[in-house]
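Q: show me the folded form of this:
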Amino acid sequence: MTDTLPSLQKQLPERNLEILKLVVTSAGELDIPIFIVGATARDIILGHVYNVRIRRATEDIDFGIAVESWEQYERLKQILVENGKFRADRKATHRLWHGSKTDEMKIDFVPYGGVESPAGQIAFPPDNNFVMNISGFAEAYENSLIVNITDDLQIRVVSLAGLAVLKFIAYNDKPHERRRDLEDILFLMKNYLEAGNEDRLYEDADLMADDSFDLRTVGARLLGRDMTKLLTSQTEEIISRHLSENNEGVGLANIIDAIKSSEKRLEDNFEDVAQMFRELKKGLAERLTV
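A: Residues are numbered from 1 along each chain as shown. Predicted structure coming up:
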């Protein structure tokens, strides 16, 4: 299901608008389904639609693209490079750069669909050494949001629930390198009510009657509920392990330790952080058995 969000309350920078128009137009010429993922999606939905303060705005743009073949994937990048606004990265095949070398913005394209082998995984040609887990991308696209960027530009953006799922998958792949994904999940939980979800508090008698009701954590529970719509057996198993209280080597205790060791200074008490992840797990309880 795809919903359409209101128009932006705060306009994107002109450079970002130019990039989005060029990429969306080029993808449309090739009939490639495309949507914004990563921190840019967070910034658009929370910062530009709902006016939530973003302390660490992203300086790149990530796209998920459903392609039938690697040839189609390369063709999209070629079209963008040929218009003179982008250049290819010499080492990272999934990356383009926009602008001059002294003032560049990084643009990443994550393919899924016909290039998966096995399902949920891609290995970039020609040497197949760069392998990426793209589990959850198809479901995230199907449940993405249509955002009115300008009067003449609409684009699909991953929902906050879809983004949380993808963040768990990214963290699972490289837990020692991707601790920032946990910070992003925490930020989503803390601000989920402000993303158009306040009215749901009064529509759900179970939430209001819960003895542990707390505005600091109820958003996390609602986020968990919404994430269930995007889960596959594979993504469910991954998230289940990371929210477990009992697993050795992986689980909620490891998440909290990773957040504690993060370079980012958090204002939250770590027990409050742990409770938010527990409420997220409660919201997921219809699907998860942890």
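
Q: can you point me to the longest helix in the chain?
A: Among the segments of the chain that qualify as a helix by DSSP state H, the longest is helix 14-29.

Q: tell me the first helix or strand C-terminal of the helix or strand bottoming out on mean pLDDT in the chain.
A: The weakest-scoring helix or strand in the chain, judged by mean pLDDT, DSSP states H and E, is helix 205-209 (a mean of 62). Next helix or strand after helix 205-209 toward the C-terminus (DSSP states H and E): helix 215-227.

Q: all the helices of the stretch 1-150 of the chain, in order from the start?
A: Assigned by DSSP state H, counting those that start in this stretch, the helices in the stretch 1-150 of the chain fall at 14-29, 38-42, 70-82, 137-142.

Q: helix or strand: which one has residue 164?
A: Residue 164 belongs to helix 160-173, assigned by DSSP H and E.

Q: contacts for that helix next, please.
A: Applying CB atoms under 8 Å, 6 or more residues apart in numbering, the set of residues contacting helix 160-173 from outside is 37-38, 41-42, 45-46, 132-133, 135-137, 139-140, 143-144, 158, 178-179, 181-182, 184-185, 188, 192, 195, 223, 226-227, 229-231, 235, 238-239, 241-242. C-beta coordinates here come from the backbone N, C-alpha and C atoms, glycine included.

Q: and the following helix or strand past that helix with helix 160-173, angle?
A: Counting by DSSP H and E, the next helix or strand C-terminal to helix 160-173 is helix 179-191. Following axes from the mean of the first three to the mean of the last three CA atoms, to 10 degrees, one obtains 150 degrees for the angle between helix 179-191 and helix 160-173.

Q: figure out how far the helix or strand following helix 179-191 is from the centre of its chain.
A: Downstream of helix 179-191, the next assigned helix or strand under DSSP H and E is helix 200-203. Relative to its chain's centre, helix 200-203 lies at 25 Å (CA atoms, centre = their mean, to the nearest Å).

Q: list the buried residues of helix 200-203.
A: Within helix 200-203, the residues scored as buried using 16 or more other CB atoms under 10 Å are residue 200.

Q: return it as PDB; C-alpha atoms alone will do.
A: Provided in PDB are the C-alpha atoms of helix 200-203 (Å, rounded to 0.1, in the frame of the first residue of the first chain):
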ATOM      1  CA  ARG A 200      -3.500   7.000  16.700                       C
ATOM      2  CA  LEU A 201      -3.100   7.300  20.500                       C
ATOM      3  CA  TYR A 202      -6.700   8.100  20.900                       C
ATOM      4  CA  GLU A 203      -7.900   5.500  18.400                       C
END
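
Q: same for that helix, what does it pack against?
A: helix 205-209 (3 or more CB pairs under 8 Å, 6 or more residues apart in numbering; DSSP states H and E).
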